[in-house]
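Undergrad: Give me coordinates for this.
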Amino acid sequence: MKKSRLRLFKTTSLTISLIGIILILLTIGVVGYIIVTDVTNSVSTTVNSGSAYDNLTQLKSDYNNLSQKYSALNEQLGTHAENNVKTNYNEGKLKLSELNETINSIESDINKGASDKIISSEINQAKEDIKEAEEVYNNITASK
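TA: Below is the predicted model:
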């Protein structure tokens, strides 16, 4: 009777130890998986924001070039420009102002880590604003 109790105790003790070891290994595996997933998402977000920064830099460059063109155009027009031309000029400057606000918003969203969808739509809006401001500029220079 003592041998059977001893054998039962050994078997139970061994089983509990094996279950404990398996649970420890499973816990390590789950924690490892979570860490790897977080690192992967972090790297992916960094890559996406990198391309957004590239687009932002291009938009800023385009804005600065267009702003310089408008400044030079203002000097050319002077104070005696036709009302039609001055109205178009003011419309173009308004587009530039909107573009500047959009660029600042994009930069803020990138820094805050906003979703790619939001940033992409703002970048597309900024590109449209640039096209419209360039069209206005081209119309003014063509009518001079």
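
Undergrad: Show me what secondary structure element comes after the one helix or strand residue 36 maps to.
TA: In this structure, residue 36 sits in helix 2-77 according to DSSP states H and E. Next along the chain after helix 2-77, taking DSSP H and E as the criterion, comes helix 83-112.

Undergrad: Give me the angle between that next one and helix 2-77.
TA: Between helix 83-112 and helix 2-77, the angle comes out at 160 degrees (axes from the mean of the first three to the mean of the last three Cα atoms, to 10 degrees).

Undergrad: can you tell me the average pLDDT over the helix holding residue 36?
TA: Here helix 2-77 scores 85 as its mean pLDDT.

Undergrad: just stretch 83-100 next, same as before
TA: Mean predicted confidence for stretch 83-100 is 88.

Undergrad: Can you name the residues in contact with that stretch?
TA: Contacts with stretch 83-100, where a contact means Cβ atoms under 8 Å, 6 or more residues apart in numbering, come from 59, 63, 66-67, 70, 73-74, 77, 81, 126, 129-130, 132-133, 136-137, 139-140, 143-144. Bear in mind the C-beta positions are built from the backbone N, C-alpha and C, glycine included.

Undergrad: got a list of what the closest residue in space to residue 69 that isn't next to it in sequence touches?
TA: Nearest in space to residue 69, with sequence neighbours left out and distances taken as Cβ to Cβ, 6 or more residues apart in numbering, is residue 137 at 5.8 Å. Residues near residue 137 by Cβ under 8 Å, 6+ apart: 66, 69-70, 73, 92.

Undergrad: for residue 114, phi and psi?
TA: phi -60, psi 160 (degrees, to the nearest 10).

Undergrad: That one: neighbour count?
TA: Counted with other Cβ atoms under 10 Å, the neighbours of residue 114 add up to 16.

Undergrad: For the closest residue to residue 92 other than its chain neighbours, give me its contacts.
TA: Distance criterion Cβ to Cβ, 6+ apart; nearest residue to residue 92, sequence neighbours excluded, is residue 136 at 3.7 Å. Residue 136 makes contact with 88-89, 91-92, 95, according to Cβ under 8 Å, 6+ apart.

Undergrad: again, 7 Å this time
TA: The contact partners of residue 136, by Cβ atoms under 7 Å, 6 or more residues apart in numbering, come to 88, 91-92, 95.
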